[in-house]
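Trainee: sequence unavailable; structure follows:
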């Protein structure tokens, strides 16, 4: 009996409802029906000329939903252009790596590495800079729950000062890759190569906008650092760290001049050096430190 019912439903889905049955169905019934399957071409034509405005609105809603699905599929196709050849070659653990917090005056620099499941990519995943804070947080939760592996690494403010932000970012990235607990078959990295790790790598300029794996890493890095800065705001009140996350906005610079530098301020950065009465550094912040070439 159960098999006959399944066969009947399958045949109904393939052939669709006829004109009389569609005309007799309520708009609510049709909405429920087509929430589970797409209308057949014949059903779509019949609903498009149905005299009921509610049915025609339902057709418009269905068409918008289908177009949104096609747009998302095309977007994912574009954002997996670097991953798909690797997956096709049998390299299923493709990792993405990115950082957050290069330019703030305070707080750690944070990096993340993520290996997504190729069959379970969260919808809407994109470069973290293109997302609202609420959307970033929601996607970060999904990535952590559904990725094959993920890891976070940090470089403390003192390490940023000692190495410079570029080199400290590489250090944080290496720590993030090591924190995953699995070795990626291949690593996609935003604009650089991670030293000290053994797997093959591909350097992608603006990778967070071009690779879904790097985009996922950018979301994990950004949300993790934002949470750290909210926690640090409670320890070092008055600077507004929870709001601007340590970036050199006018309000932060004013608070820095009024309160002085906290232990988490980066002493190699000019506004911090100014309030400490230290001479400006001559070397650029992104120059390799002495002995590191």
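Mentor: Arrived safely. Computed from a prediction, not measured in an experiment: that's the story for all the values here.
Trainee: going forward, measure contacts between C-alpha atoms and count neighbours the same way
Mentor: Noted.
Trainee: give the buried residues for stretch 232-251.
Mentor: Of all the residues in stretch 232-251, those buried under the rule 16 or more other Cα atoms under 10 Å are 232-233, 239-242, 244-248.
Trainee: gap between it and the chain center?
Mentor: Put simply, stretch 232-251 sits 24 Å off its chain's centre (Cα atoms, centre = their mean, to the nearest Å).
Trainee: picking that back up, farthest pair in the buried residues of stretch 232-251?
Mentor: By the measure Cα to Cα, 232 and 248 form the most distant pair in the buried residues of stretch 232-251, at 16.1 Å.
Trainee: I would like the residues contacting stretch 172-189, please.
Mentor: 86, 91-99, 109-115, 149-155, 194-197, 199-204, 207, 211, 213-214 (Cα atoms under 8 Å, 6 or more residues apart in numbering).
Trainee: the one helix or strand residue 62 maps to - what's its average pLDDT?
Mentor: Assigned by DSSP states H and E, residue 62 belongs to helix 53-79. For helix 53-79, the mean per-residue pLDDT is 87.
Trainee: kindly report the same for stretch 192-210.
Mentor: Here the average pLDDT along stretch 192-210 is 95.
Trainee: tell me which residues of it come out buried.
Mentor: So stretch 192-210, judged by 16+ other Cα under 10 Å, has buried residues 192-194, 201-202, 204, 207-210.
Trainee: show me those that map onto strands.
Mentor: Secondary structure from DSSP state E places 201-202, 204 of the buried residues of stretch 192-210 in strands.
Trainee: of those residues, closest to residue 33?
Mentor: So of these, ranked by how close each gets to residue 33 (Cα to Cα), first place is residue 204, at 44.8 Å.
Trainee: separation between that closest one and residue 276?
Mentor: The gap separating residue 204 from residue 276 is 38 Å, by Cα to Cα, to the nearest Å.
Trainee: how about residue 56?
Mentor: 69 Å.
Trainee: who has more neighbours out of those two?
Mentor: residue 56 (18 against 13; other Cα atoms under 10 Å).
Trainee: circling back: which positions within the helix holding residue 62 qualify as buried?
Mentor: 55-56, 58-59, 62, 76, 79.
Trainee: return the closest of these with respect to residue 167.
Mentor: Taking those together and measuring to residue 167 by Cα to Cα, the closest member is residue 79, at 27.5 Å.
Trainee: list the contacts of the closest one.
Mentor: Per Cα under 8 Å, 6+ apart, neighbours of residue 79: 209-212.
Trainee: from residue 123, how far out is it?
Mentor: 12 Å.
Trainee: now swap in residue 155 and tell me
Mentor: 31 Å.
Trainee: those two: which is more packed in?
Mentor: A direct count of neighbours by other Cα under 10 Å for residue 155 and residue 123 places residue 155 higher, at 24 against 11.
Trainee: next up, phi/psi of the more buried one, please.
Mentor: phi -120, psi 120 (degrees, to the nearest 10).
Trainee: bridged to it, which residues?
Mentor: Beta-bridge partners recorded for residue 155 (DSSP bridges): residue 109.
Trainee: surely it meets residue 107?
Mentor: No - in this structure, residue 155 is not within contact of residue 107 by Cα atoms under 8 Å, at 9.2 Å.
Trainee: low-confidence stretches in the protein?
Mentor: 1-15, 282-293 (pLDDT under 70).
Trainee: which residue ranges of it form strands?
Mentor: 94-100, 109-115, 149-155, 186-190, 201-204.
Trainee: take those strands and lay them out in a markdown table including distance to residue 225.
Mentor: What follows is those, written out as a markdown table (distance: least, Cα to Cα, whole Å):
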| stretch | distance to residue 225 |
| --- | --- |
| strand 94-100 | 7 |
| strand 109-115 | 6 |
| strand 149-155 | 9 |
| strand 186-190 | 18 |
| strand 201-204 | 23 |
